[in-house]
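K.L.:
Compute the structure for the input listed below.
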Amino acid sequence: MIVVIMGVSGVGKTTVGELLAAESGWAFYDADAFHPPTNIEKMRSGISLTDEDRWPWLDRLNAVLHEADAKGESAILACSALKQRYRDRLARGIETIRWVYLSGTFELIKERIDARKGHYMTAKLLESQFAALEPPADAIEVDVAAAPVEIAARVSSALASPRR
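P.N.:
Down below sits the predicted model:
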């Protein structure tokens, strides 16, 4: 199974993904690590990425997930995947994919981003992420107001349950 943990920057995708990977023994990938330097520089400068900036990045992520899926391996990806067309691109050719949508209020997420050190994503871009967000219809949704271990436990439980 491929699991994509999605949501705006600052919701805890990486933290929750790492907790789930440690529990399950599955491979974990952070989509931020796959951005080309030009994308990172744009975001660091407060410039939103265009779809043209994202397509090669999403295709690279799809290739990583597709390879794991083709080998019958499970993997977890932390990726914003804000729009349905991005999720479609990530899922292309993958047998079993589950979406986990970490949601929270703008105020809570902004507070977290403001407190973060050393990350290229700025609070300035958060508004554009909320504006672009197309909440998925087919995801496990978990509010991020809880502690990361509690969020991970909720996700793990939902993943173990049959799809509704």
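K.L.:
next helix or strand past the longest helix anywhere in the chain?
P.N.:
In the chain, taking DSSP state H as the definition, the longest helix is helix 51-70. Note on helix 51-70: by DSSP states H and E, the next helix or strand toward the C-terminus is strand 75-78.
K.L.:
Can you give the strand pairings for that next one, parallel or anti for each?
P.N.:
strand 2-6 (parallel), strand 27-30 (parallel) (DSSP bridges).
K.L.:
List of residues touching the first one?
P.N.:
This means strand 2-6. Contacts of strand 2-6 with the rest of the structure, by CB atoms under 8 Å, 6 or more residues apart in numbering, involve 13, 16-17, 20, 26, 65, 68-69, 74-82, 87, 90-91, 94, 96-102, 136, 139, 155, 159. All C-beta atoms are positioned from the backbone trio N, CA, C, and that covers glycine.
K.L.:
at 7 Å instead, please
P.N.:
By CB atoms under 7 Å, 6 or more residues apart in numbering, the surrounding residues in contact with strand 2-6 are 13, 16-17, 65, 68-69, 74-81, 90, 94, 96-102, 159.
K.L.:
orientation of that strand relative to helix 51-70 in degrees?
P.N.:
For strand 2-6 against helix 51-70, the angle by axes from the mean of the first three to the mean of the last three CA atoms, to 10 degrees is 150 degrees.
K.L.:
Give me the spatial nearest neighbour of R92, chain neighbours excluded.
P.N.:
N62 (5.6 Å; CB to CB, 6 or more residues apart in numbering).
K.L.:
Verify the stated contact: the one you found with Y86.
P.N.:
No - if you go by CB atoms under 7 Å, N62 and Y86 don't touch, sitting 10.3 Å apart.
K.L.:
Tell me which residue is most central in this structure.
P.N.:
In the chain, the C-alpha nearest the mean C-alpha coordinate belongs to C79, at 2.4 Å (CA atoms, centre = their mean).
K.L.:
OK, contacts around L126?
P.N.:
Counting by CB under 7 Å, 6+ apart, L126 has contacts 8-10, 109-110, 113.
K.L.:
Also L58?
P.N.:
By CB under 7 Å, 6+ apart, the contact set of L58 is 86, 89-90.
K.L.:
how close does the residue lying closest to T96 once chain neighbours are set aside sit to S156?
P.N.:
Distance criterion CB to CB, 6+ apart; nearest residue to T96, sequence neighbours excluded, is M1 at 4.9 Å. Per CB to CB, to the nearest Å, M1 is found 12 Å from S156.
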